[in-house]
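J.: sequence plus the predicted model coming up.
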Amino acid sequence: MPVYKCRTLISTPQDLLRVTGRVPRLSSVYSRVKLLASRSEVSLKKIEREIQRDPAICARLPRLARIMYPALDAGASTVTEVLSILGGERIRHLLLVTAVAAAYRKIKTPHIDMRRFWRLAARRALLARLIALEAPHVDPTRAFVAGLLADVGHLLLHLGIPVPALDAQMRAQQCGMPVNEVETALLGFDYAQVGAVLVRRWRHCSKIENAIEFHTRPLTASEARGGMAVAVLNPKAVTELLGAQDPIGKHIRLYFPGGGRADLTVVGVLEPLPVMFGGGQPQVNVSTPFLWHAHPDTQRGQYDYAILKARTGYNIKALETQVKKIMESRYNKGAFEVESGESMLVTLKSITLGLQAFLGAIAGLSLLVGGIGIMNIMLVSVTERTREIGLRKALGATSAQIRQQFLIEAVLLTLLGGVIGVSFSALVLWLIASTVSFLSIFILSPLTVFLALTVSVLVGLFFGVWPAGRAAKLDPIESLRYE
């Protein structure tokens, strides 16, 4: 379903805030406390007196502090106690949350369930705080505030331009696309940018503003800042460059082949990859915008490759055709190649089918040779047991019973071989999975075991028929005379 740009008088998030007359204003107490907290010479007592001007904030602030900081005991029930423990900076963040909750709780929009909206926002805020506690150099309080306000732009869109906002929401559900992408296509901006502009108006914290603006597309954050000199290493690079040290925050120097160098700060480590997928080579990953101005041989807008990810159920062929048309309109045909995962899967499947046919032919030849061996063993057994067969027939055994006996022996012989083969294969596969990193998953399918044992039984039946028939046809008198 195509998405067409919506023509409105609002072309930027700033326009939306300017024309929307229903945007609630935060408490004046928050504005004054924010100003006081920014001054190092202001005492906590003065901040406390300012907070106590609003009884509603005084009631909510200790409860919120105990939720965000479970280590606070139940005794921290007053603003004085909370302020003395947490300090002015953290109180400033908490005060923003309480001011937003007080100002925006009474907003009503026909297309948003406000109780559900704030319940999900609270869950996201707590989750963001938990993640920040495990990450170095991230303030859990700022993460909590950013998580709580991440979707506040949705409210402003539905307040200012409810019809286009609802249209974007419905189109996103129909197309299976993220709502921020549909909003950008329709309006030229998305809810995350609106929320960031709102926080910027409050002049609270630039880091919270960036987190809100770029949470739908985090890779764009570094581009918006002109490309930061940061790097993400894989485990091999960490081992070779830094040894056993904690890599986060360490500085490395990158030398370019065409000359020049750059000093980078390590901000993350990738999960280990299998060796066959590139995990065996050291990798230093930096942002493309950083390379544009740091690498002597690259220009802005130049990429070696780009990866597109399609939604589940999307027509890959149609997407590939559209991408080719766009690229052909901008570049010469020989300047690029477009490959899809499906074409790679087709190639992989053809290779797999060829290998399966080859291995199947080898397995069939092995079964033929093994079956002939089983038949020869049974023929030798019939010859060696001729007197036994004659004695059994003399005592009343029928030809059918003799045939059944030798068929059972042939089947048991091949079944025993099948059990030994399956057990040995399972042991070898387990040893390989235990020692080879990219084959660490060991799965033994019951269906495969059943088919292997069934084939063993069928081989025993097929190649045991002739020896069993030969034993059944022996004359009892001649058999008893056999030496």
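T.: Everything's here; your move. Numbers count the residues shown, from 1 in each chain.
J.: strands of the stretch 201-350 of the chain, residue ranges please.
T.: All strands of the stretch 201-350 of the chain, identified by DSSP state E, counting those that start in this stretch, fall at 230-233, 251-255, 261-269, 284-285.
J.: between the longest one and strand 251-255, how big is the angle?
T.: This points to strand 261-269. Angle, strand 261-269 to strand 251-255, by axes from the mean of the first three to the mean of the last three Cα atoms, to 10 degrees: 130 degrees.
J.: and strand 261-269, average pLDDT?
T.: In this model, strand 261-269 carries a mean pLDDT of 77.
J.: what's the answer for stretch 215-223, then?
T.: 59.
J.: repeat that for stretch 167-180.
T.: Across stretch 167-180, pLDDT averages out at 81.
J.: and if you look at stretch 127-138?
T.: Mean pLDDT, stretch 127-138: 77.
J.: dump stretch 12-32 to CSV, restricted to CA.
T.: What follows is stretch 12-32, C-alpha atoms only, in CSV (Å, rounded to 0.1, in the frame of the first residue of the first chain):
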residue,chain,number,x,y,z
THR,A,12,7.9,20.8,11.1
PRO,A,13,7.5,19.7,14.8
GLN,A,14,8.0,23.4,15.7
ASP,A,15,5.0,24.4,13.6
LEU,A,16,2.9,21.7,15.4
LEU,A,17,3.7,23.1,18.8
ARG,A,18,3.1,26.6,17.6
VAL,A,19,-0.4,26.0,16.3
THR,A,20,-1.5,23.5,19.0
GLY,A,21,-3.1,25.6,21.6
ARG,A,22,-3.9,22.7,23.9
VAL,A,23,-0.3,21.8,24.9
PRO,A,24,-0.3,21.8,28.7
ARG,A,25,2.3,23.9,30.5
LEU,A,26,4.4,22.5,33.2
SER,A,27,4.2,23.7,36.8
SER,A,28,6.0,27.0,37.6
VAL,A,29,7.5,25.2,40.6
TYR,A,30,9.4,22.9,38.1
SER,A,31,10.8,25.9,36.2
ARG,A,32,12.0,27.6,39.3
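J.: make 334 the first number, not 1, from now on.
T.: In the new count, where the first residue is 334, that last one comes out as stretch 345-365.
J.: buried residues, it. List them.
T.: For stretch 345-365, a neighbour-count test (16 or more other Cβ atoms under 10 Å) marks 346, 348-350, 356, 359-360, 362-364 as buried. C-beta coordinates here come from the backbone N, C-alpha and C atoms, glycine included.
J.: can you redo these as CSV with distance to residue 723 and secondary structure?
T.: Output for the buried residues of stretch 345-365, formatted as CSV (distance: Cβ to Cβ, whole Å; DSSP: H, G, I helix; E, B strand; the rest coil):
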residue, distance to residue 723, secondary structure
346, 102, helix
348, 107, helix
349, 104, helix
350, 107, helix
356, 107, coil
359, 108, coil
360, 110, coil
362, 112, helix
363, 109, helix
364, 113, helix
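J.: out of those, which one has the weakest pLDDT?
T.: Among these, pLDDT bottoms out at residue 356, giving 66.
J.: which stretches of the stretch 534-683 of the chain have low pLDDT?
T.: Applying pLDDT under 70 to the stretch 534-683 of the chain flags the ranges 550-561, 589-593, 606-613, 620-638.
J.: give me whichever of the strands of the stretch 534-683 of the chain is most buried.
T.: With neighbours taken as mean count of other Cβ atoms under 10 Å, the strands of the stretch 534-683 of the chain reach their highest mean count in strand 563-566, at a mean of 20.
J.: which of the buried residues of stretch 345-365 lies closest to residue 722?
T.: Of all these, residue 722 sits closest to residue 346, with 96.4 Å by Cβ to Cβ.
J.: of the buried residues of stretch 345-365, closest to residue 769?
T.: Of those, the one sitting nearest to residue 769 (Cβ to Cβ) turns out to be residue 346, at 52.3 Å.
J.: dump the residue contacts of that closest one.
T.: With contact set as Cβ atoms under 8 Å, 6 or more residues apart in numbering, residue 346 has these partners: 486, 522, 526-527, 529-530.
J.: distance check, it against residue 453.
T.: Counting by Cβ to Cβ, to the nearest Å, the separation of residue 346 from residue 453 is 22 Å.
J.: go ahead and confirm residue 436 touches residue 360.
T.: Yes. Between residue 436 and residue 360 there is a contact at 6.9 Å, judged by Cβ atoms under 8 Å.
J.: between the two, what contacts are shared?
T.: When contacts are counted by Cβ under 8 Å, 6+ apart, the set common to residue 436 and residue 360 is empty.
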